[in-house]
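Visitor: build me a model:
(one chain, ligands or ions: 3)
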Amino acid sequence: MTLLTRIRGPRDLDTLSPEQLVKLAAEIRTFLVDAVSKTGGHLGPNLGVVELTIALHRVFDSPSDRILWDTGHQSYVHKLLTGRQDFSRLKMKGGLSGYPSQAESDHDVIENSHASTVLGWADGIAKANEVLGKDDHVVAVIGDGALTGGMAWEALNNIAAAKDRPLVIVVNDNERSYAPTIGGLANHLATLRTTDGYERFLARGKDLLGRTPVVGKPLYETLHGAKKGLKDFIAPQGMFEDLGLKYVGPIDGHDLEALESALARAKRFNGPVIIHCLTEKGRGYQPALQDEADRFHAVGKIHPDTGLPIASSGLDWTSVFGEEMVKLGEERPDVVAITAAMLQPVGLEKFAKAFPDRVYDVGIAEQHGAASAAGLATGGVHPVFAVYATFLNRAFDQVLMDVALHRCGVTFVLDRAGITGTDGASHNGMWDMSILQVVPGLRIAAPRDADQVRAQLREAVSVDDAPTVVRFSKGAVGPAVKAVGRIGGMDVLREPGTDTPDVLLVSVGALAPMCLEIAGLLDQQGISTTVVDPRWVKPVDEALVPLADRHRVVVTVEDGIRTGGVGAAVAQALRDANVDVPLRDFGIPPRFLDHASRAELLTEIGLTAPDIARQVTGLVSRLDGRFDESAETESAEPVRD
Ligand SMILES: Cc1ncc(C[n+]2csc(CCOP(=O)(O)OP(=O)(O)O)c2C)c(N)n1
Ligand SMILES: CC(=O)[C@@H](O)[C@H](O)COP(=O)(O)O
Ligand SMILES: [Mg+2]
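Guide: Ligands and ions are numbered 1, 2, ... in the order given. So this is what the prediction gives:
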């Protein structure tokens, strides 16, 4: 029986002595390394918040007091202390989410993994408490990386204005996002970090002066009484104080006593207060062989003792992009790159090494990244903004009104496009082909394999008067899919074998192998199919409508939301041309998908070859006047509304 197994809820922490709390922290670290090395997950961030989370749950009374986590990837310890200690299926279907989950616990609030939102939430909950006369506390934990996001400063501006509205902000400062956090804010935090902590100075002063004869005691009280002046003396006026926020720190984020003391003081403070905690990402984990540059921010399954990955994923989409970017960088001195604090995850590490002066890490600031890209293009260079598809959502207006309206030649490379799965609903890159459909002039490429990534990236950066998008999936690249012909701008992947084909199957991006499998299954039903890959899915290829007119049915298959997606755009093009051919569009339902593997989710939403072939067979049978009930069964869609 370990101390950890005795903790069934936060109040069980109250029974532990200081020595037991230190032991508990050690047990939690051992648990995290053992569990997360088996499942994969955010090992580093959680190793860094063990003491902080214990102290938070001892000082505050969750769930009546709200403890909110920015991005939520560092909430494993919070889960362990709030009754969730089965990590055997972490991030897997039916197992614990890798982020807070209201369905899992009343202790959880913010489920989405998009950074920099926690202060907005906290501001709102604090206002609601005020309206309802509730004196519950609100605590927001935000990382130094998330603090570089613009939303955080919009919220701080509001929070600082309400001097009598209690709100505790814990800055979890481990100096890194994936890599070291960039920018003026990071520099300012570094200054504060090096300042002799107010608490430490007082403690040292008390100790030093307390030891001197009587004269020492009054002097200490005098100093303590003049703490404002003292603070000015020992800590430069930080911008937080300039904003009107009480600043407490820096606090050693691994010293339980110091943490509890600071949090208890903040709890009594009748206004917004910032606790600046210094933590170490990956603390306590020094595997023999692997010194992860990103301090084990997000690991796959690893050997716990070496830190090395259990399995390599082979050639992945990200690497193909990264390699081609280096070649482009050599050929095109005007090509520059932008990342939002994710240089390595988006594949720009090699480009940065080759061209250190032509890559910009803007912090977790996608909106700024997009607006800055408009400036870069206007200034005469061609920016390639590499970003996860889901994170571009928040920069939609900048793409529309800064980049597209001004016809800027900017290329957005969207990694993790389509269903990613295990990081939960907010990480699926499922919205880009829908929301970007409405951007005038913007073109979208969906490469189907490695060769097409290389080719379409080059086509994209050759466009200097409009935004271009190249979107591809997460993980290993699928097999090369060769074209057998070309119609307009579209690659023909499979000829129908007849002059009067039944189905035109429009295959989008990485789903090409599945679309060829669908055509094979239809073949077995005597249904002839032409498979085309439009390559550029926006705008709809001019040759697609006349081609559709030569078929009985059009089918589109995309790894994106159906609503407003490629299928919808093709349907509109057919309507605009008065081509009356039935169309069935297959894609992701417009709902949030609970965490599971990509394969499990594709199966659950019916985005598989057998499911689609069955539905298309039913459609064609109906056209032939034969209706086969078994042919069309609604696919299970256990997704959350
Ligand atoms: C809008 C957005 N952009 C990018 C990411 C990817 N991301 C996840 S965690 C992380 C780093 C967060 O750094 P920090 O806030 O300091 O937390 P730490 O991991 O250091 O605890 C990033 C960039 C994200 N979750 N949300
Ligand atoms: C929390 C966050 O947004 C990232 O750390 C993300 O989880 C990484 O996703 P990948 O594992 O797909 O790179
Ligand atoms: Mg950090």
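
Visitor: could you count how many residues lie near residue 511?
Guide: The local packing of residue 511 (other CB atoms under 10 Å) involves 27 other residues. Heads up, the C-betas are built off the backbone N, CA and C, glycines and all.

Visitor: residues touching it, list them.
Guide: By CB atoms under 8 Å, 6 or more residues apart in numbering, the residues touching residue 511 are 448, 557, 558, 559, 607.

Visitor: in strands, which of the residues you listed fall?
Guide: Secondary structure from DSSP state E places 557, 558, 559 of these in strands.

Visitor: how near is the second one to residue 279?
Guide: Between residue 558 and residue 279 the computed distance is 42 Å (CB to CB, to the nearest Å).

Visitor: looking at those two, which is more packed in?
Guide: Shown here are residue 558 and residue 279; by other CB under 10 Å, residue 558 has more neighbours (28 against 25).

Visitor: list the contacts for the closest residue in space to the more buried one that isn't next to it in sequence?
Guide: Take residue 558 and drop its neighbours on the chain: the residue closest to it by CB to CB, 6 or more residues apart in numbering is residue 508, 3.9 Å away. By CB under 8 Å, 6+ apart, the contact set of residue 508 is 433, 446, 533, 534, 537, 556, 557, 558, 559, 560, 566.

Visitor: tell me the helix or strand right after the helix or strand of the chain with the lowest mean pLDDT.
Guide: In the chain, no helix or strand scores lower on mean pLDDT, DSSP states H and E than helix 227-234, which sits at a mean of 46. Using DSSP states H and E, the next helix or strand after helix 227-234 towards the C-terminus is helix 239-243.

Visitor: packing partners of that next one?
Guide: helix 150-161 (3 or more CB pairs under 8 Å, 6 or more residues apart in numbering; DSSP states H and E).

Visitor: is the helix it packs on in proximity to ligand 1?
Guide: No - Helix 150-161 lies apart from ligand 1 when judged by CB under 6 Å from any ligand atom; the minimum separation is 8.7 Å.

Visitor: list the buried ones in that helix?
Guide: Residues 151, 152, 155, 156, 158, 159, 160 are the ones in helix 150-161 that count as buried (16 or more other CB atoms under 10 Å).

Visitor: adding pLDDT, write those out as TSV.
Guide: Shown next, in TSV, are these (pLDDT from 0 to 100):
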residue	pLDDT
151	98
152	98
155	98
156	98
158	98
159	98
160	96
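
Visitor: hmm, which two among the residues you listed are most spread apart?
Guide: 151 and 160 (14.9 Å; CB to CB).

Visitor: what average pLDDT does the longest helix belonging to the chain get?
Guide: Identified as the longest helix of the chain according to DSSP state H is helix 18-39. Computed over helix 18-39, the mean pLDDT rounds to 98.

Visitor: just stretch 572-591 next, same as before
Guide: Stretch 572-591 comes out at a mean pLDDT of 98.

Visitor: circling back to that earlier point, closest to ligand 2 among the contacts of residue 508?
Guide: Nearest to ligand 2 out of those is residue 559 (CB to the nearest ligand atom; 15.1 Å).

Visitor: double-check that residue 412 belongs to a strand.
Guide: Yes - the assignment for residue 412 by DSSP: H, G, I helix; E, B strand; the rest coil puts it in a strand.

Visitor: tell me, how many residues neighbour it?
Guide: When neighbours are counted by other CB under 10 Å, residue 412 comes out with 28.

Visitor: any idea how far residue 469 is from it?
Guide: Counting by CB to CB, the gap from residue 412 to residue 469 is 5 Å.

Visitor: what of residue 306?
Guide: Taking CB to CB, one finds residue 306 at 39 Å from residue 469.

Visitor: who's more crowded, those two?
Guide: Higher neighbour count among residue 306 and residue 469: residue 469, with 28 against 12, using other CB under 10 Å.

Visitor: you'd agree the more buried one is in a strand?
Guide: Yes - looking at residue 469 with three-state DSSP, it is inside a strand.

Visitor: that one and residue 415: what is the separation?
Guide: Distance from residue 469 to residue 415, counting by CB to CB: 12 Å.

Visitor: how about the contacts made by the closest residue to ligand 1 within the stretch 151-300 of the chain?
Guide: The nearest approach of the stretch 151-300 of the chain to ligand 1 comes at residue 177, 3.6 Å away (CB to the nearest ligand atom). By CB under 8 Å, 6+ apart, the contact set of residue 177 is 143, 144, 145, 148, 297, 341, 342, 363, 364.

Visitor: what's the answer for residue 57, then?
Guide: 10, 13, 67, 78, 81, 82.

Visitor: wait, the third one sits on residue 56?
Guide: Right, the one you point to is residue 67. Yes - here residue 67 reaches residue 56: they are 5.5 Å apart, a contact under CB atoms under 8 Å.

Visitor: which residues are common contacts for the two?
Guide: Joint contacts of residue 67 and residue 56 (CB under 8 Å, 6+ apart) are 78, 139, 141.

Visitor: does ligand 2 sit close to the helix or strand where the first one lies?
Guide: Mapping residue 78 onto the secondary structure by DSSP H and E places it in helix 76-81. No - contact between helix 76-81 and ligand 2, assessed by CB under 6 Å from any ligand atom, is absent, since the two come no nearer than 12.1 Å.

Visitor: helix or strand next in line after that helix, which one?
Guide: In the C-terminal direction from helix 76-81 (assignment by DSSP H and E), the next one is helix 118-132.

Visitor: closest point of the stretch 51-200 of the chain to ligand 2, which residue?
Guide: Going by CB to the nearest ligand atom, ligand 2 is nearest to residue 73 of the stretch 51-200 of the chain, at 3.9 Å.

Visitor: ok, which residues in the protein are in contact with ligand 3?
Guide: Contact residues (CB under 5 Å from the ion) of the chain with ligand 3: 143, 144, 145, 174, 176.

Visitor: residue 67 and residue 56: who's more crowded?
Guide: A side-by-side neighbour count of residue 67 and residue 56, using other CB under 10 Å, places residue 67 first with 28 against 25.

Visitor: tell me the contacts of that one?
Guide: Here residue 67 is in contact with 56, 57, 60, 78, 107, 139, 141 (CB under 8 Å, 6+ apart).

Visitor: which one of those residues is nearest ligand 3?
Guide: residue 141 (11.0 Å; CB to the ion).

Visitor: element containing that closest one, please.
Guide: strand 138-143.

Visitor: that strand - contacts with which helices or strands?
Guide: helix 50-59, strand 66-69, helix 118-132, strand 167-173.

Visitor: got the domain boundaries for the chain?
Guide: Listed domain ranges for the chain are 4-290, 317-471, 486-624 (source: the TED database).

Visitor: so which of these is the most surrounded?
Guide: domain 317-471 (a mean of 22; mean count of other CB atoms under 10 Å).

Visitor: pLDDT value on whatever residue of the stretch 501-641 of the chain ends up closest to ligand 3, please?
Guide: In the stretch 501-641 of the chain, no residue comes nearer to ligand 3 than residue 595, which is 23.1 Å away by CB to the ion. At residue 595, the pLDDT value in this model is 98.

Visitor: ok, it - contacts?
Guide: 91, 92, 93, 97, 98, 421, 422, 423, 424, 425.

Visitor: farthest pair within the residues you listed?
Guide: Maximum distance among the contacts of residue 595 (CB to CB): 14.9 Å, for 92 and 425.

Visitor: name the helices or strands packed onto the helix or strand harbouring residue 547?
Guide: Applying DSSP H and E as the criterion places residue 547 in helix 544-548. Packing partners of helix 544-548 (3+ CB pairs under 8 Å, 6+ apart): strand 503-507, strand 529-533, helix 566-576.

Visitor: kindly export that helix (C-alpha atoms) in PDB.
Guide: Below are the C-alpha coordinates for helix 544-548, written out as PDB (Å, rounded to 0.1, in the frame of the first residue of the first chain):
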ATOM      1  CA  LEU A 544     -14.400  17.800 -62.400                       C
ATOM      2  CA  VAL A 545     -17.900  18.900 -63.400                       C
ATOM      3  CA  PRO A 546     -17.900  17.700 -67.000                       C
ATOM      4  CA  LEU A 547     -16.200  14.500 -65.800                       C
ATOM      5  CA  ALA A 548     -19.000  14.000 -63.200                       C
END
